[in-house]
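Chemist: return a 3D structure for these sequence lines:
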Amino acid sequence: MKRCFAGLTDTGIVRTVNQDSYYIDESQGRFFIVADGMGGHAGGQEASRIATKRIQEHLEKHWDNLDIPSENLLKDAIDKANQGILEDQSNNPERRDMGTTVVVTIFRDRPLCAHVGDSRLYRWRDSKLEQVTDDHTWVSLALRSGEISKEQAKVHPWRHVLSQCLGRKDLYNIELQELDVQAGDQLLMCSDGLTEEVSDEEIQNCLSQSEDYKQAVEKLIIAAKEAGGSDNITVVIVGEE
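Modeler: Just a heads-up that it's a prediction; the model follows:
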């Protein structure tokens, strides 16, 4: 199978600074990262930058060491990112509240995804969209436990309250899962600037109506901005053909 990909980030309509970061391993298509920072303009921007850079560096440094299982490699990369943010907080007290979400997909011995926070991974297969990751938010936990309905979750005032993110000493659960990826599938990684503005049905339509991945990410960014663009928007699409 041939791996194809495209990515794009946009500040959106309301914000003046883009606190999202993303990375695509352009030369080999081995791994992909999306991070959504928080904690003020400088803080959020720096947190997502540190996370993306630390994860990239760790994966590149240890990628060919087959004595390290892929699960350990991925979790260790995210741990390094968290440590990097904590170090920066200590050295720069004005950024002590900064943090970031992150979602990472790697294609090593098999495809794996890890995430912390509410940046998401979707799989698009046979023109149907499926959310693969579960948001680490209070609302998502309440929805899964049956405390609130899907309709309530969409408008709940606590829907942005994260249950965990990078930049915290008590990071307790780097959620990791093996991915089922077949020829013709597309994996969509995104910050919540997309999903807050664009429904899953609309995302599905954009993917169905796009001629290639570059056009798809552009369509999704435009759709989020036309719906209000209240946050930064980042989209990465990876496909096996």
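Chemist: tell me where this protein has strands.
Modeler: 3-10, 20-24, 31-38, 99-107, 111-116, 120-125, 128-131, 175-178, 186-190, 233-240 (DSSP state E).
Chemist: so which of those gets nearest residue 52?
Modeler: strand 20-24 (4.3 Å; Cβ to Cβ). Backbone N, C-alpha and C define where each C-beta goes, glycine included.
Chemist: that closest one pairs with which strands, parallel or anti?
Modeler: Here strand 20-24 has these sheet partners by DSSP bridges: strand 31-38 (antiparallel).
Chemist: and the partner strand, how far from the chain's centre?
Modeler: 5 Å (Cα atoms, centre = their mean, to the nearest Å).
Chemist: pull it out as CSV, backbone CA atoms only.
Modeler: Taking C-alpha atoms only, strand 31-38 is exported to CSV below (Å, rounded to 0.1, in the frame of the first residue of the first chain):
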residue,chain,number,x,y,z
PHE,A,31,4.5,9.4,12.0
PHE,A,32,2.0,12.3,12.3
ILE,A,33,1.4,14.7,15.2
VAL,A,34,-1.3,17.3,16.0
ALA,A,35,-1.2,19.4,19.2
ASP,A,36,-3.5,22.1,20.5
GLY,A,37,-2.0,24.4,23.1
MET,A,38,-3.6,26.3,25.9
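Chemist: picking up where we left off before, got the strands of the chain as a markdown table, with mean pLDDT and mean neighbour count columns?
Modeler: Below are the strands of the chain laid out as a markdown table (pLDDT from 0 to 100; neighbours: other Cβ atoms under 10 Å):
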| stretch | mean pLDDT | mean neighbour count |
| --- | --- | --- |
| strand 3-10 | 97 | 19 |
| strand 20-24 | 98 | 23 |
| strand 31-38 | 97 | 27 |
| strand 99-107 | 98 | 27 |
| strand 111-116 | 97 | 23 |
| strand 120-125 | 97 | 20 |
| strand 128-131 | 96 | 14 |
| strand 175-178 | 95 | 14 |
| strand 186-190 | 98 | 25 |
| strand 233-240 | 96 | 25 |
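Chemist: now those in CSV, with distance to residue 59?
Modeler: Below are these laid out as CSV (distance: least, Cβ to Cβ, whole Å):
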stretch, distance to residue 59
strand 3-10, 16
strand 20-24, 10
strand 31-38, 5
strand 99-107, 7
strand 111-116, 11
strand 120-125, 17
strand 128-131, 24
strand 175-178, 14
strand 186-190, 15
strand 233-240, 15
